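> need a 3D model of the sequence below.
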Amino acid sequence: MANELLIDVGLTETRVALVEEDRLVHLDLERPERDSALGAVFLGRVRRIEKGLQAAYVDIGLSRDGFLGRTDLKDAGDKPIEQCLHEGETILVQVIRDPVGEKGVKLTCHIALPGRFLSLTPFDSSVRVTRRIAQDAERMRLAAVMQSLLALADQTPLEVAARLQRRAGDRRVSQVKMAPGADRREGERRKAMGCVVNANADGIGKAELSADLERLYARWLAIEERRTKAAAASAVPAELWREMGPVGRALRDFVGAKLDRIRVNAAAGFAEARAWLFEHAPDHVSRLERFDDPAGLFALFDIEDDIAHASSRRVELPSGGAIIFGETEALTAIDVDSGRSSARGGDFDEMALKVNLEAAAEVARQLRLRGIGGIIVIDFLHMDSAAFRARTVNALRQALARDPAPTKVLGMSALGLVEMTRKRIGEPLATRLYESCPACHGDGHLPSLPAVLADLLRQAGREAASAPPGTRLDIRCAPDLAALVDDELKTRLERQIGTTVAVTPEAGRRRDGFSVGRADR
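Predicted structure coming up:
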């Protein structure tokens with residue numbers, strides 16, 4: 001079965017699809033008007049401290065201030081945030097979540113610079129290895145290798161910074177020149193560095209890990225240099241570093257031993273991918289392919305259909321069951337429906353287990369595709385067997401193990417409910433593909449015409465009662481509502497309220513957004 005990375009570069013949108021075993025498991029898209037700052041590092045200024053929220057609002061140069069919680073400060077301990085920060089202070093922060101609704105970006109002081117095999121943590125000296133690498137022996141090997149490499153990096157003199165920058169292959173980094181005679185404080189910062197080793201490092205040798213670390217190390221030196229210059233020039237807020245574009249980011253995150261082929265449909269995207277592979281993964285250059293079929297790159301694996309399903313409220317399962325998504329401000333509720341599957345008596349648990357196991361796998365896939373985060377509650381089909389319930393929860397955990405976003409599954413209650421969390425990272429897919437309906441303002445429903453008509457007539461009566469005698473009322477409303485106020489109803493209304501009425505339909509109005517005013521205004 002094919003494992004492929006498809007990069008569809010369009011005129012106004014770049015889409016990236018990861019296909020594993022012929023099924024879409026990850027989708028990303030980027031447009032110029034939705035420029036994401038996720039992962040970017042800024043030197044910001046604290047604009048306001050909210051003691052009640054134990055958070056600070058930080059100006060980083062975007063349209064809205066970023067949100068920095070107390071737990072995202074370095075070395076805050078148990079101290080309240082007002083003892084850790086003061087308004088007007090400059091602070092180094094990283095964006096860990098894009099804006100959601102009316103909320104601005106979420107920030108942290110725990111900087112992590114992502115690479116192909118690891119993320120460098122300049123202010124955390126620990127070495128951690130992801131649990132997505134299943135073998136304990138491999139995790140121990142990687143931890144030992146990285147500890148030795150970081151120990152060597154701590155002793156690296158600043159004179160080799162230029163060489164590290166050249167090897168980094170980062171355009172933003174290579175443009176920065178290190179200041180001569182840097183003081184000892186830079187070295188002290190470097191001694192605190194650590195890393196988080198990701199799943200791409202499984203089976204990777206010391207030489208490749210060292211090259212990745214050097215690139216990240218050079219990037220951090222350049223960020224520190226930019227920070228110093230921005231602070232000296234009082235140029236705050238300042239953007240110090242931003243993630244690469246969607247092509248490079250996709251290659252960094254997904255190029256690995258299990259990837260069979262990389263297909264790119266545009267010349268510019270193909271050239272960018274080829275250059276990245278020659279620099280970072282030369283053994284994968286032979287797997288890169290230019291795709292020129294006019295039918296479209298995503299038609300290979302019916303990706304367009306998968307995108308449509310990931311936007312639907314209901315997703316069908318092979319057994320005839322279905323999963324149904326319902327999203328609120330507080331959480332996402334997912335209901336497992338038996339659908340066309342049916343059984344009686346002792347066979348019901350067997351049928352429910354089959355549907356639940358399918359649902360567990362599909363829920364994990366859909367959460368990743370849809371970019372859903374936060375609290376999630378899944379209502380599986382009820383099963384009397386405790387063993388069947390345990391199998392369902394284990395299946396969900398196993399399916400989520402391949403998700404790059406951190407997840408936590410709390411288990412199944414007696415009612416068949418499973419509570420879990422998934423870390424919010426970027427914007428949900430629905431936010432990027434759809435906008436709020438102008439008719440219902442995103443509520444998902446409209447008030448009925450009879451109900452709105454009755455309300456309009458009551459408001460006309462109240463307005464006429466407070467108006468001087470002989471005043472004419474001017475009613476402006478949506479066309480479907482205006483159509484109900486026919487000549488007969490209008491005559492009855494005028495007789496009841498004792499004044500004349502003019503009704504004007506306006507196409508841009510929401511159904512319940514009518515206005516009743518006096519014509520003499």
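> just say helix, strand or coil for the residue sitting nearest the centre point of the chain.
For the chain, the residue sitting closest to the mean C-alpha position, by C-alpha atoms, centre = their mean, is residue 426 at 1.8 Å. In three-state terms, and counting by DSSP: H, G, I helix; E, B strand; the rest coil, residue 426 is coil.
> state the distance from it to residue 435.
Residue 426 is 17 Å from residue 435, where distance means C-beta to C-beta, to the nearest Å. Where you see a C-beta, it was placed from the backbone N, CA and C, and this is true even at glycine.
> OK, contacts around residue 499?
By C-beta atoms under 8 Å, 6 or more residues apart in numbering, the contact list for residue 499 reads 464, 467, 469, 470, 471, 472, 473.
> again, only using 7 Å
Neighbour list for residue 499: 464, 467, 471, 472, 473 [criterion: C-beta atoms under 7 Å, 6 or more residues apart in numbering].
> give the bridge partners for the last one, please.
So the one you mean is residue 473. residue 501, residue 518 (DSSP bridges).
> and the helices in the stretch 201-350 of the chain?
206-232, 246-254, 267-280, 303-310, 347-370 (DSSP state H, counting those that start in this stretch).
> can I get those in a markdown table with mean pLDDT, mean neighbour count and distance to residue 331?
As requested, these are exported to a markdown table (pLDDT from 0 to 100; neighbours: other C-beta atoms under 10 Å; distance: least, C-beta to C-beta, whole Å):
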| stretch | mean pLDDT | mean neighbour count | distance to residue 331 |
| --- | --- | --- | --- |
| helix 206-232 | 93 | 20 | 36 |
| helix 246-254 | 89 | 21 | 28 |
| helix 267-280 | 91 | 17 | 38 |
| helix 303-310 | 86 | 16 | 19 |
| helix 347-370 | 92 | 21 | 13 |
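> Serialize those helices to TSV and add fields for distance to residue 142.
TSV is the format used below for the helices of the stretch 201-350 of the chain (distance: least, C-beta to C-beta, whole Å):
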stretch	distance to residue 142
helix 206-232	8
helix 246-254	18
helix 267-280	18
helix 303-310	33
helix 347-370	24
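> residues of the lengthiest strand in the chain that come out buried?
As assigned by DSSP state E, the longest strand anywhere in the chain is strand 41-50. Within strand 41-50, the residues that count as buried by 16 or more other C-beta atoms under 10 Å are 41, 42, 43, 44, 45, 46, 49.
> I figured residue 41 was touching residue 111, is that so?
Yes: between residue 41 and residue 111 there is a contact under C-beta atoms under 7 Å: 6.3 Å.
> who touches both of those two?
Common contacts of residue 41 and residue 111, defined by C-beta under 7 Å, 6+ apart, comprise residue 94.
> can you give me the strands in the stretch 51-200 of the chain?
Secondary structure of the stretch 51-200 of the chain by DSSP state E, counting those that start in this stretch: the strands cover 55-59, 66-69, 90-97, 106-108, 113-114, 118-121, 127-129, 194-197.
> okay, those strands in JSON lines with mean neighbour count next?
Output for the strands of the stretch 51-200 of the chain, formatted as JSON lines (neighbours: other C-beta atoms under 10 Å):
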{"stretch": "strand 55-59", "mean neighbour count": "22"}
{"stretch": "strand 66-69", "mean neighbour count": "22"}
{"stretch": "strand 90-97", "mean neighbour count": "21"}
{"stretch": "strand 106-108", "mean neighbour count": "21"}
{"stretch": "strand 113-114", "mean neighbour count": "20"}
{"stretch": "strand 118-121", "mean neighbour count": "23"}
{"stretch": "strand 127-129", "mean neighbour count": "20"}
{"stretch": "strand 194-197", "mean neighbour count": "23"}
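> out of the ones you listed, the one nearest residue 292 is which?
Nearest to residue 292, of all the strands of the stretch 51-200 of the chain, is strand 113-114, at 31.8 Å by C-beta to C-beta.
> partner strands of that closest one and their direction?
strand 118-121 (antiparallel).
> burial count for the residue nearest to residue 42 when sequence neighbours are not counted?
Once flanking residues are discounted, residue 42 sits nearest to residue 60: 4.0 Å by C-beta to C-beta, 6 or more residues apart in numbering. Residue 60 has 27 neighbouring residues, counting by other C-beta atoms under 10 Å.
> contacts only, for residue 60.
By C-beta under 7 Å, 6+ apart, the residues touching residue 60 are 42, 44, 66, 93, 237.
> out of the residues you listed, who's nearest residue 315?
Nearest to residue 315 among these, counting by C-beta to C-beta, is residue 66 at 34.6 Å.
> wait, isn't that closest one in contact with residue 103?
No: counting by C-beta under 7 Å, residue 66 stays clear of residue 103, with 9.9 Å between them.
> related to what we said a few turns ago, against residue 29, how distant is the residue nearest to residue 42?
Using C-beta to C-beta, residue 60 is found at 24 Å from residue 29.
> and the closest residue to residue 268 other than its chain neighbours, what pLDDT?
Excluding its sequence neighbours, the residue lying closest to residue 268 (C-beta to C-beta, 6+ apart) is residue 9, at 6.6 Å. Residue 9 is assigned a pLDDT of 88 by the prediction.
> what does residue 341 give?
Per-residue confidence (pLDDT) for residue 341: 66.
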